[in-house]
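> I would like to see how this sequence folds:
(chains A and B)
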Amino acid sequence: MIPGTFEYHQPDTVQAALALLNELGDDARVLAGGHSLIPMMKLRLAMPEHLIDLRLINDLKFIRIESEMVHVGAMTTQHELIDHAELAQRVPIIRETSLQIGDPQIRYQGTIGGNVANGDPGNDMPGLMQCLDATFTLLGADGEREVPAREFYEAAYFTARDDMEILTSIRFPVSSGGYAYEKQKRKIGDYATAAAAVLLRKADDGSSCAFASIAMTNLADTPIYCEDASQLLQDQGVTDSSIEAAVDSCIASIEPVDDNRGPVEFKKHAAAQITRRAIKTAWSRT
Amino acid sequence: MTTTTITLNVNGKSVETTIEPRELLIHVLRDRLDITGPHIGCETSHCGACTVDIDGRSVKACTLFAVQAQGSDITTIEGLGDPDKLHVLQEQFKEHHGLQCGFCTPGMITRAHRLLQENPNPTEEDVRFGIAGNLCRCTGYQNIVKAVLAAASEINGAADKEATRESAA
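Residues are numbered from 1 along each chain as shown, chains lettered A, B, ... in the order given. Predicted structure coming up:
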């Protein structure tokens, strides 16, 4: 499996990468960890004439936690996210999700920026970012702009990022309370048959639900933020009957397709199980 | 056709080679540098037979362009031991029958080596999770896991003895 020919560029600053991208235009692709793009190039489903590798840009590799906000550079790997002790404590759902991505070798290379920017419905980070209400920073010729994760995904592989922009960083608030990322997959390294990210916080009274956020992965051509189900748990609290109502609401908002991971009915069944389990686990951790 | 010359530090030896950017690291190692320990199993990032260690990370060499490894320290199975003096992992794979056909073994051992560097005291679950990116089509996982655990305890045993000797002295 030999990819088509291309010219390789290795800028060491974001500005240099952006200048190259704008100069080379549609013939160029930006390369992060390479675990989506390189397989596509090996199959010649992608044949960029120029590859702009971001690996030497140290300004894109950081994890900072300040003023209750986490800032992560786009070239931070899944392995680095897993390994970061303070992040694991302040936003434990990041570690729980990252450990379910790919396999160890893939996590050493795969980056959060590539995972969220690629727009593959199978990627786990987009759903998680919607659950966390993250914001993506995009850098283009006219400067920076910010797009909420919940507004970033338009269709499979189509996002709010313009081809001439580079996604440089991601920020999301620290999350106290319960959390769970539940993922049903056929084997290690596979994309989800169904996955759900859930954050829940108990109110000061110790029983009602002060905050709920649910998002789902690989059950439509974009991640799905389940706003109604989240609101429902916040309004009604977390009880056996409200969980079932929230699960029904989530299932009504997804549009899975029939593929090698199963027919639509099976996927809806798996999605319901996964979501129910994620809500219960998150609530038990509040 | 544009070519570029890269320098890699492979198993402690600096090597220079002229390549096309589209050449995958596994092809450069095997076909240009004659380092045939890392194998090509699936060539689609699934099987882990091509696993090498790059700057302290386990990497599937079929999913990296060699040009991206410019200046890196690369360790392959050839760098871990030799027939006269096996690496402790190789010794324990031999001892516990951790290989049947042997095709996955270079990747398994290279990956296990990094796992033990990061986690010198793994549980059985840690080992299974840590080598989940490597497939054994003989399905000999049971003995592979035993071999990795035995290597860990041998390395730790040697370290304990060393510490005892030092504290005695």
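> any idea how far B:Arg128 lies from B:Val145?
Shown here: B:Arg128 relative to B:Val145, a distance of 6 Å by CB to CB, to the nearest Å. From N, CA and C alone the C-beta is placed, and that goes for glycine too.
> which one's the longest helix in chain B?
helix B:141-168 (DSSP state H).
> just to revisit the earlier point, of B:Arg128 and B:Val145, who's got more company?
Neighbour count, other CB atoms under 10 Å in any protein chain shown: between B:Arg128 and B:Val145, B:Val145 has more, with 20 against 15.
> ok, for that one, nearest residue in space, not its chain neighbours?
Leaving aside its sequence neighbours, B:Val145 sits nearest to B:Val127 (CB to CB, 6 or more residues apart in numbering or on different chains; 5.1 Å).
> contacts for whichever strand or helix holds the one you found?
Using DSSP states H and E, B:Val127 falls within helix B:124-130. Identification of contacts with helix B:124-130 by CB atoms under 8 Å, 6 or more residues apart in numbering or on different chains yields A:104, B:111-112, B:115, B:119, B:122, B:141, B:145, B:148-149.
> Then stretch A:264-284?
Contact with stretch A:264-284 is made by A:177-184, A:193-200, A:214, A:216, A:219, A:233, A:238, A:243-244, A:246-247, A:250-251, A:254, A:256-258, A:261-262, as judged by CB under 8 Å, 6+ apart.
> By mean pLDDT, which helix or strand of chain B comes out lowest?
None of the helices or strands of chain B scores lower by mean pLDDT, DSSP states H and E than helix B:141-168, at a mean of 87.
> which residue sits closest to the closest residue to chain B within the stretch 51-200 of chain A in space, ignoring its chain neighbours?
Of all residues in the stretch 51-200 of chain A, A:Asp103 sits closest to chain B, at 3.1 Å by CB to the nearest CB. Once flanking residues are discounted, A:Asp103 sits nearest to B:Gly133: 3.1 Å by CB to CB, 6+ apart.
> For the one you found, which three-state class applies?
Using DSSP: H, G, I helix; E, B strand; the rest coil, the structure places B:Gly133 in coil.
> residue contacts, it?
A:102-106, A:188-189, B:48, B:51, B:58, B:60, B:111.
> Tell me which residue is most central in the chain.
You didn't pick a chain, so chain A it is. Nearest to the mean C-alpha position of chain A, by CA atoms, centre = their mean, lies A:Met125 at 1.5 Å.
> oops, I was thinking of chain B
B:Thr110 (1.4 Å).
> correct me, but that residue touches B:Pro38?
Yes. Using CB atoms under 8 Å, B:Thr110 makes contact with B:Pro38 at a distance of 7.4 Å.
> Now do the shared contacts for those two.
Counting by CB under 8 Å, 6+ apart, the residues touching both B:Thr110 and B:Pro38 are B:51-52, B:76-77.
> Output these in TSV; the columns should cover distance to chain A.
Written out in TSV, the entries for those read as follows (distance: CB to the nearest CB, whole Å):
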residue	distance to chain A
B:Thr51	6
B:Val52	10
B:Thr76	14
B:Ile77	15
